[in-house]
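Engineer: Provide a 3D model corresponding to the input given below.
(2 chains)
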Amino acid sequence: DVKVTQSSRYLVKRTGEKVFLECVQDMDHENMFWYRQDPGLGLRLIYFSYDVKMKEKGDIPEGYSVSREKKERFSLILESASTNQTSMYLCASSLPGSGRYNEQFFGPGTRLTVL
Amino acid sequence: GESVGLHLPTLSVQEGDNSIINCAYSNSASDYFIWYKQESGKGPQFIIDIRSNMDKRQGQRVTVLLNKTVKHLSLQIAATQPGDSAVYFCAETPSSNTGKLIFGQGTTLQVKP
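Structural biologist: Residues are numbered from 1 along each chain as shown, chains lettered A, B, ... in the order given. Predicted coordinates:
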């Protein structure tokens, strides 16, 4: 089975801190994604990556950056955390292509609180 | 812009009854749709998918129906059980081979014993 792991389940940070959220997948997937999930808003795409060192902005990239130095690892970076970035962050991965392979496999999520 | 929406934020059903969760999508060019289930404290998990060349697909206790004429997707759960309590999301692929999915806002299914 595909396994997507995230470095922390819960995280509390202070306003202005630099925050790193790590995601690792073990199925050699090319595609990786970072979402945030807020009540009433569903899942919103922050950034995604089709390959190592490649990244593309999603729908809400402001205040975030990403890094993909290795195929299995995709990091989300909050350069200067703000209270409006308090949210649940979900990482996902998938194979490229259409049809069944567009299924995204999700990690358990990181609940980030910025004080 | 593109959007995928669910009609009801919350659905409450009696254990043993059938559940129907609805979703409307806006992009007629979308060719692939997925239903995800998210239990409390976990990430979304795949339930069932359907391609645009199909109207219906069945899984174990679940059926997805696709009506392309009115751009409507539904998930039917037969004999709903307490373990079915979760948030359900529909998602669409806006175009082929991008790998991106657009998610709806989610419907919370509550199963009453």
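Engineer: tell me the centre residue of chain A?
Structural biologist: The centre of chain A sits closest to A:Trp34, judged by CA atoms, centre = their mean, with a distance of 2.5 Å.
Engineer: Surely that residue and A:Tyr47 touch.
Structural biologist: Yes: counting by CB atoms under 8 Å, A:Trp34 does reach A:Tyr47; the two are 5.2 Å apart. From N, CA and C alone the C-beta is placed, and that goes for glycine too.
Engineer: one step back: quick check: phi and psi on the residue nearest to the centre of chain A?
Structural biologist: phi -120, psi 130 (degrees, to the nearest 10).
Engineer: Contacts only, for it.
Structural biologist: Each residue near A:Trp34 by CB atoms under 8 Å, 6 or more residues apart in numbering or on different chains is listed here: A:21, A:23, A:45-48, A:58, A:64, A:66, A:74, A:76, A:89-91.
Engineer: now these in JSON lines, with secondary structure?
Structural biologist: Below are these laid out as JSON lines (DSSP: H, G, I helix; E, B strand; the rest coil):
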{"residue": "A:Leu21", "secondary structure": "strand"}
{"residue": "A:Cys23", "secondary structure": "strand"}
{"residue": "A:Leu45", "secondary structure": "strand"}
{"residue": "A:Ile46", "secondary structure": "strand"}
{"residue": "A:Tyr47", "secondary structure": "strand"}
{"residue": "A:Phe48", "secondary structure": "strand"}
{"residue": "A:Gly58", "secondary structure": "coil"}
{"residue": "A:Tyr64", "secondary structure": "strand"}
{"residue": "A:Val66", "secondary structure": "strand"}
{"residue": "A:Phe74", "secondary structure": "strand"}
{"residue": "A:Leu76", "secondary structure": "strand"}
{"residue": "A:Tyr89", "secondary structure": "strand"}
{"residue": "A:Leu90", "secondary structure": "strand"}
{"residue": "A:Cys91", "secondary structure": "strand"}
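Engineer: Do you know the pLDDT at the residue in chain A positioned nearest to chain B?
Structural biologist: In chain A, the residue that lies nearest chain B is A:Phe106 (3.3 Å; CB to the nearest CB). Listed pLDDT for A:Phe106 reads 95.
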